[in-house]
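Enquirer: Can you look at this prediction? I've put the sequence above it.
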Amino acid sequence: MKIKQFEDQELSQYSYSVLSECKNEIVLIDPSRDITPYIEFAKLHQAKIIGVIETHPHADFISSHLEIYKTTGATIYCSKFLAADYPHTSFDDGDTLAFGNIKLRAINTPGHSPDSISVVLEHEGEDKAVFTGDTLFIGDCGRPDLRENAGNITAKRDELARQMFYSLRNKLMALDDDVIVYPAHGAGTLCGKSLSEANSSTIRTEKLSNWSLQEMSEDAFVKALNEDQPFVPKYFPFDVGINKKGAEPLSEAIGKVKTGEPVKDSFTRLNASIIVIDTRASAEFKASHLPNSINIMADGKFETWLGSIISPEEPFYLAAKDINILNALIKRIAKIGYEGFIKEAFVLRTGNIKSASLDLEAFKKHSSEYTIIDIRNVAEVKEKVIFDSALTIPLPELRERIAEIPADKPIVVHCAGGYRSAAGSSIVEDHFPNLAVYDLSTAIKDFK
């Protein structure tokens, strides 16, 4: 038997291949959009992919379960409560999938979603591992507030939090202490709030160190779980719907994206009402960019912030420094199912707008002469206030709340490190074309 963990670092997502070496058969769990790594793993071991299990309809990425079914003929397994629109076999309490000396056993573990399952791996008669999806993470458990308005079954966060309390205690903590825990996400995901950097653990270790498995009342657990959860990106409910239906093959999807000629000195072919997502470094963006542009840099959690700022179905242009970066970004955008919203993708050589440059020393001496916008998340501001006078508007809400910003002073936008403030300042700058708007960028370290 061999278990292979695949990691998508940009989305902090883990998927798995379970290989029976005696039968040369593979079952995949929670595969990401690109099937290439799984096909290559199967070829390497001269094995056949016979099944793919979805622990729930994912909110933060597009799964390739339907493409794997179409490509390999593998059976898709998921909970009956998902009411999937694709061909599938129900996989719930009491259901098993046996191949070689391996038996995979479904256990219903609602809490993150009403249709969540975990998958226990039994090898030669002993429980060896459990694939917990978004139910149990290393150091945390899944958030319960993503299915209030999405999916076949909706439920309020308090109801799901109570289900999580019992799923953890009656289902997962009942497993042997030595059982290895393989989650669907690691640190950096927005599907939980305090995940460890570790990519696996054991039931014993989690019982000792995971806050969500400690002794407490149900009410105390519900309160703690619901406190300080991160924001919900705009794309999350959209992805739940796509995953319930099943996404089209990746190559077909990105093949439909229009790639235009590089934009050098003529912008007349562009629709001025459509947002330009400019992915170049902030220095390049500030030197010259197009009107109606948002600077979401390619290096970083690009797809997460794209899907947090841009709503599903909203068209946008995609601009990059060169064609290789552009093509890579189209593929990354497809991981959250936004490829169909790209009006046109192009290489950007120049623009007709230059951003204002902040006199940092003047700002330090006379910060009261500026309107300061803090675009960090609510929990970050709660943990540490940097400027007492700052107006707090989290980046995912900035476009919708832009009218709250007064226009009587120059504006300085900051986050925690500089990545988000590049996007935030570009949004504010475009809204106030006749006002000086500055990005504090990495200089925020001088004030922390």
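Expert: Looks like it came in fine.
Enquirer: Buried residues of the worst-scoring helix or strand of the chain on mean pLDDT, list them for me.
Expert: Least confident helix or strand, the chain: helix 378-383 with a mean of 91, by mean pLDDT, DSSP states H and E. In terms of neighbour count (16 or more other Cβ atoms under 10 Å), helix 378-383 has its buried residues at 380-381. In this view, the C-beta of every residue, glycine as well, is placed from N, C-alpha and C.
Enquirer: Check stretch 125-133 too.
Expert: 127-133.
Enquirer: Also stretch 327-338?
Expert: With the criterion 16+ other Cβ under 10 Å, stretch 327-338 contains buried residues 329-338.
Enquirer: of all these, which two lie farthest apart?
Expert: The largest distance within the buried residues of stretch 327-338, taken as Cβ to Cβ, falls between Leu329 and Gly337 and amounts to 14.5 Å.
Enquirer: Identify the spatial nearest neighbour of the residue positioned nearest the centre of the chain, chain neighbours not counted.
Expert: Residue closest to the average C-alpha location in the chain (Cα atoms, centre = their mean): Asp60, at 4.0 Å. On the basis of Cβ to Cβ, 6 or more residues apart in numbering, the spatially nearest residue to Asp60 that is not a chain neighbour turns out to be Cys191, at 5.8 Å.
Enquirer: The one you found: how many residues sit nearby?
Expert: Other residues near Cys191 come to 27 when the count uses other Cβ atoms under 10 Å.
Enquirer: Check which helix or strand it maps to.
Expert: Here Cys191, judged by DSSP states H and E, is contained in no helix and no strand.
Enquirer: which stretches of the stretch 51-200 of the chain form helices?
Expert: 65-72, 157-166 (DSSP state H, counting those that start in this stretch).
Enquirer: Ends of stretch 365-374, what's the gap?
Expert: Using Cα to Cα, to the nearest Å, the span of stretch 365-374 from its first residue to its last is 19 Å.
Enquirer: likewise stretch 106-113?
Expert: Counting by Cα to Cα, the length from the leading to the trailing residue of stretch 106-113 is 15 Å.
Enquirer: Give me the residues contacting it.
Expert: With contacts defined as Cβ atoms under 8 Å, 6 or more residues apart in numbering, stretch 106-113 is touched by 56-57, 77, 79, 81, 91-96, 116-120, 132-136, 141-144, 146-147, 151, 160-161, 163-165, 167-168, 171-172, 191.
Enquirer: which stretch among the helices of the stretch 51-200 of the chain comes nearest Asp388?
Expert: The closest approach between Asp388 and any of these, judged by Cβ to Cβ, belongs to helix 157-166 at 31.9 Å.
Enquirer: Quick check on the residue nearest to Asp60: phi, psi?
Expert: Dihedral angles of Cys191 (phi, psi; degrees, to the nearest 10) stand at phi -90, psi 0.
Enquirer: surely it meets Asp134?
Expert: Yes. Here Cys191 reaches Asp134: they are 5.1 Å apart, a contact under Cβ atoms under 8 Å.
Enquirer: chain center to the following helix or strand past the least confident helix or strand of the chain, what's the gap?
Expert: Tracing the chain past helix 378-383, the next element assigned as helix or strand by DSSP H and E is strand 391-392. For strand 391-392, the gap between its own C-alpha mean and the chain's C-alpha mean amounts to 25 Å (Cα atoms, centre = their mean, to the nearest Å).
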